[in-house]
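Colleague: Okay, sequence plus prediction incoming.
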Amino acid sequence: MTTDPFHPDLDGVARWLPRSPVNRHTLSVIRLLFGLSARRTPKDVRVETVGPSTVRVHRPPGLGPSPALLWIHGGGYVIGTAAQDDALCRHFADTLGIVVAAADYRLAPESPFPAPLDDCYRALTWLADQPDVDASRIAVGGASAGGGLAAALALMARDRGEVPLALQLLAYPMLDDRTATRTDVDERPFRLWNNKSNRFGWQSYTGLPPGSPGVTGLAAPARSDDLTRLPPAWIGVGTLDLFHREDLAYAARLEQAGVDCTVVEVEGAFHGFDLIRPQAGVSQAFRRSQGAALAAALG
């Protein structure tokens, strides 16, 4: 490994980012910080109650049924709020002319699997029922744990047959609890999420030690035996992300199952790079690729 592995656009910020900020000792403080940021709701965002959770709805100008995206925030299944992605959701709504609903969901360990996934599925069916949404053109997407939930949601939607999906947009998705058992990875370049945090996140979400045989394919989509008949996928991940290997493996399995899959590897990018440095050129290119995938899938 080189002594300076980070992408030039990310090198400066990468040097001061923590490697493993999320654990049982810091959980309450980090949640408090996310909660403070979620108190402000922009005027162009409408918050709707859906079951035990809420969705933050970003609507484009114009009339008539529009395509839609259900977006799911990240946070290792244990932290985060939909409000953290307001800027990204508004970007997709305005540039693509689509309705974007960002799902809040109950967090582990207080609400382990399947509660977060059930909340997201409830948000999906709610979105499909909205009069300003074209239910035949809905995508699901998310980042990190939100990407894992989006992948699981695609599996659930396929099996239940209630809401057809046009695309699964997965940004460095958290898909495989078995990664947390690996001891062969060089963690020096990881930022924001390493295997110490990963073990905590998966244990909290599944209630089982990572790698346990009882973890199902809906909890960890990489465990699913059947990836056929899923919507097309866009998967983007940095080469310095803990999830790089598991994401590429999942993309390969999708393609083997006959699912169209676009893979974007970002050289020298760490976990969550586009949210930490959204104005960086490499992050803008990542977002453009996401937008192009959504535009193609949603028409």
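Modeller: Structure's in. What do you need? Keep in mind that what you see is a predicted model, and the values were worked out from it rather than measured.

Colleague: Only C-alpha atoms from now on, for both contacts and neighbour counts.
Modeller: Fine.

Colleague: Contacts only, for the closest residue to residue 50 other than its chain neighbours.
Modeller: Of all residues not flanking residue 50 in the chain, residue 123 sits nearest, at 6.4 Å (C-alpha to C-alpha, 6 or more residues apart in numbering). Residue 123 sits next to 50, 55, 70, 103 when contact means C-alpha atoms under 8 Å, 6 or more residues apart in numbering.

Colleague: thinking the first one is in contact with residue 121, fair?
Modeller: No. Applying C-alpha atoms under 8 Å as the test, residue 50 and residue 121 come out as separate, 10.4 Å apart.

Colleague: Tell me which of the two has more neighbours.
Modeller: Between residue 50 and residue 121, counted using other C-alpha atoms under 10 Å, the more crowded position is residue 121 (22 against 19).

Colleague: List the contacts of that one.
Modeller: 153, 157.

Colleague: what about it, is that helix, strand or coil?
Modeller: Three-state call for residue 121 (DSSP: H, G, I helix; E, B strand; the rest coil): helix.

Colleague: Show me the shaky parts of the stretch 1-150 of the chain.
Modeller: For the stretch 1-150 of the chain, residues meeting the criterion pLDDT under 70 lie at 1-4, 37-38, 63.

Colleague: Repeat the analysis, applying 90 as the threshold.
Modeller: Along the stretch 1-150 of the chain, segments meeting pLDDT under 90 span 1-4, 15, 19-25, 28, 30-44, 60-64.

Colleague: in it, which spans are strands?
Modeller: With DSSP state E, counting those that start in this stretch as the criterion, the stretch 1-150 of the chain has strands at 45-50, 53-58, 66-72, 99-103, 133-143.

Colleague: Please enumerate the helices of the stretch 51-200 of the chain.
Modeller: Ranges of helices in the stretch 51-200 of the chain, per DSSP state H, counting those that start in this stretch, are 86-96, 115-128, 145-160, 195-206.

Colleague: To residue 270, which of those lies closest?
Modeller: Comparison of the helices of the stretch 51-200 of the chain against residue 270 by C-alpha to C-alpha identifies helix 195-206 as nearest, at 13.7 Å.

Colleague: Just the C-alphas of the closest one, formatted as PDB.
Modeller: Coordinates of each C-alpha in helix 195-206 appear next as PDB, following Å, rounded to 0.1, in the frame of the first residue of the first chain:
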ATOM      1  CA  ASN A 195     -14.500  -3.600  11.600                       C
ATOM      2  CA  LYS A 196     -14.800  -2.600  15.300                       C
ATOM      3  CA  SER A 197     -17.800  -0.500  14.400                       C
ATOM      4  CA  ASN A 198     -19.000  -3.100  12.000                       C
ATOM      5  CA  ARG A 199     -19.100  -5.800  14.600                       C
ATOM      6  CA  PHE A 200     -21.000  -3.500  16.900                       C
ATOM      7  CA  GLY A 201     -23.500  -2.500  14.200                       C
ATOM      8  CA  TRP A 202     -24.300  -6.000  13.000                       C
ATOM      9  CA  GLN A 203     -24.500  -7.400  16.500                       C
ATOM     10  CA  SER A 204     -26.900  -4.600  17.400                       C
ATOM     11  CA  TYR A 205     -29.000  -5.100  14.300                       C
ATOM     12  CA  THR A 206     -29.300  -8.900  14.100                       C
END
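
Colleague: for the next helix-or-strand element following that helix, packing partners?
Modeller: On the C-terminal side of helix 195-206, the closest following helix or strand by DSSP states H and E is strand 233-238. Contacts defined by 3 or more C-alpha pairs under 8 Å, 6 or more residues apart in numbering; DSSP states H and E place strand 233-238 against strand 167-171, helix 244-256, strand 261-266, helix 281-298.

Colleague: ok, now which ones touch the residue lying closest to residue 191 once chain neighbours are set aside?
Modeller: Among residues not flanking residue 191 along the chain, residue 19 sits closest, at 4.2 Å (C-alpha to C-alpha, 6+ apart). Contact partners of residue 19, counting by C-alpha under 8 Å, 6+ apart, are 190, 191, 192, 193, 194.

Colleague: before we move on, what about residue 41?
Modeller: Applying C-alpha under 8 Å, 6+ apart, the residues contacting residue 41 are residue 83.

Colleague: re the thing from before, mind putting the contacts of residue 123 in CSV, distance to residue 152 included?
Modeller: Listed next are the contacts of residue 123 as CSV, based on distance: C-alpha to C-alpha, whole Å:
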residue, distance to residue 152
50, 19
55, 18
70, 13
103, 14
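
Colleague: Buried residues, stretch 117-137. List them.
Modeller: Buried positions in stretch 117-137, judged by neighbour count with 16 or more other C-alpha atoms under 10 Å: 117-124, 127-128, 132-135, 137.
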